[in-house]
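# Prediction below, plus the sequence it came from.
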Amino acid sequence: MPIVQVLLVGVIGAFLASGYSNVLTASARRDMNKVVFIVFTPALMFASLAKTVTLSDVISW
């Protein structure tokens, strides 16, 4: 089920980002792109690392 949810969100995002739907303007797509790369991508990376890295791993580095 999580895979279906990710694919659904991806398909909806691709549709909104395409030129076929006039939901988002070019400047809105550009601004959303900046937010995703500046805010959401580092947050996703940090959340993934927080689940796998323990305090003993950090000390051993």
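Received the coordinates, thanks.
# tally of neighbours for Ala47?
9 (other Cβ atoms under 10 Å). Every residue, glycine included, has its C-beta placed from N, CA and C.
# Can you show me the CA trace of the helix or strand containing it as PDB?
Following DSSP states H and E, one finds Ala47 within helix 41-52. In PDB, the C-alpha atoms belonging to helix 41-52 read as follows (Å, rounded to 0.1, in the frame of the first residue of the first chain):
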ATOM      1  CA  THR A  41      14.900  16.900   0.300                       C
ATOM      2  CA  PRO A  42      17.200  17.600   3.300                       C
ATOM      3  CA  ALA A  43      14.300  16.800   5.700                       C
ATOM      4  CA  LEU A  44      13.700  13.400   4.000                       C
ATOM      5  CA  MET A  45      17.500  12.600   4.200                       C
ATOM      6  CA  PHE A  46      17.700  13.600   7.900                       C
ATOM      7  CA  ALA A  47      14.600  11.500   8.700                       C
ATOM      8  CA  SER A  48      16.000   8.500   6.900                       C
ATOM      9  CA  LEU A  49      19.400   8.900   8.700                       C
ATOM     10  CA  ALA A  50      17.700   9.400  12.100                       C
ATOM     11  CA  LYS A  51      16.000   6.000  11.800                       C
ATOM     12  CA  THR A  52      19.300   4.100  10.900                       C
END
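# Now do that helix, average pLDDT.
When pLDDT is averaged along helix 41-52, the result is 83.
# per-residue confidence for Ile3?
86.
# Using the three-state scheme, assign it.
Secondary structure assignment for Ile3 (DSSP: H, G, I helix; E, B strand; the rest coil): helix.
# Would you check how far apart it and Val9 are?
Going from Ile3 to Val9 by Cβ to Cβ, to the nearest Å gives 11 Å.
# So the two - more neighbours on which side?
Applying other Cβ under 10 Å to Ile3 and Val9 shows that Val9 carries more neighbours, namely 10 against 7.
# Count the neighbours of Leu24 for me.
Leu24, neighbours per other Cβ under 10 Å, totals 15.
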